[in-house]
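Engineer: Here you go, sequence then predicted model.
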Amino acid sequence: SQTIHQWPATLVQPVGSPLSLECTVEGTSNPNLYWYRQAAGRGLQLLFYSVGIGQISSEVPQNLSASRPQDRQFILSSKKLLLSDSGFYLCAWSVLQGAAETQYFGPGTRLLVL
Amino acid sequence: GNSVTQMEGPVTLSEEAFLTINCTYTATGYPSLFWYVQYPGEGLQLLLKATKADDKGSNKGFEATYRKETTSFHLEKGSVQVSDSAVYFCALTAISGGSYIPTFGRGTSLIVHP
């Protein structure tokens, strides 16, 4: 069966520090991968998605970047964090099952920028 | 573009009450429709899905029917429990530029009292 891992689970970082969040998927090949941010009490904001190694599409211009160095690894980075980067970051993968592209989510990383 | 509209929350119910959370969508083509549930501090879990008109998705006592004529996918449960307290997200995926881009509603918080 497929599983998705995210780490760290929680992170407290000072403003201006760098960021690296990692997401890995097991049990599937060539998945589509996604990074979302969820601000407190709000909906999901799609940040990046990837359909293959080295292929990244950005949905929202900001100080974050994403990379996919391996088929099942997706990394979210920042060179200098802002206060507004605080939130709950969710990684997801998807696969076409029948007629539906179904997404499955990781447990999330809670980031607090102080 | 595609969009998903959910009823504003929070929805507050007593245990064993009937639940309806409304969801309507706009999309080009023939989207697949989903409901996800998010328990506090966790990622999203797929609750149910439907891939074509008149399909009914069901899981854990929850049901939703894909209504193309009204572009709706309302979530229902006959008798809610305290453990159903969570945030519920309606979503769709539809092909756009060769990729399946997901679109989420803003989420509806459900609070069930004993």
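Structural biologist: Noted; the coordinates are in hand.

Engineer: who are the neighbours in contact with residue A:20?
Structural biologist: Applying Cβ atoms under 8 Å, 6 or more residues apart in numbering or on different chains, we find residue A:20 in contact with A:75, A:76, A:77. Using the backbone N, CA and C atoms, a C-beta is placed for each residue, glycine as well.

Engineer: Check residue B:95 too.
Structural biologist: Residue B:95 neighbours (Cβ under 8 Å, 6+ apart): B:29, B:101.

Engineer: Can you name every helix or strand that whatever helix or strand residue B:37 lives in contacts?
Structural biologist: Using DSSP states H and E, residue B:37 falls within strand B:32-38. Other helices and strands packing on strand B:32-38, by 3 or more Cβ pairs under 8 Å, 6 or more residues apart in numbering or on different chains; DSSP states H and E, are strand A:100-105, strand B:23-26, strand B:44-50, strand B:62-65, strand B:86-96.

Engineer: can the ones you listed go into TSV with extra columns for mean pLDDT and distance to residue A:67?
Structural biologist: Shown next, in TSV, are those (pLDDT from 0 to 100; distance: least, Cβ to Cβ, whole Å):
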stretch	mean pLDDT	distance to residue A:67
strand A:100-105	87	20
strand B:23-26	96	32
strand B:44-50	95	23
strand B:62-65	98	36
strand B:86-96	90	23
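
Engineer: Now distance to residue B:3 too, for those strands, in a markdown table please.
Structural biologist: Listed next are the helices and strands packed on strand B:32-38 as a markdown table, based on distance: least, Cβ to Cβ, whole Å:
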| stretch | distance to residue B:3 |
| --- | --- |
| strand A:100-105 | 17 |
| strand B:23-26 | 5 |
| strand B:44-50 | 18 |
| strand B:62-65 | 18 |
| strand B:86-96 | 9 |
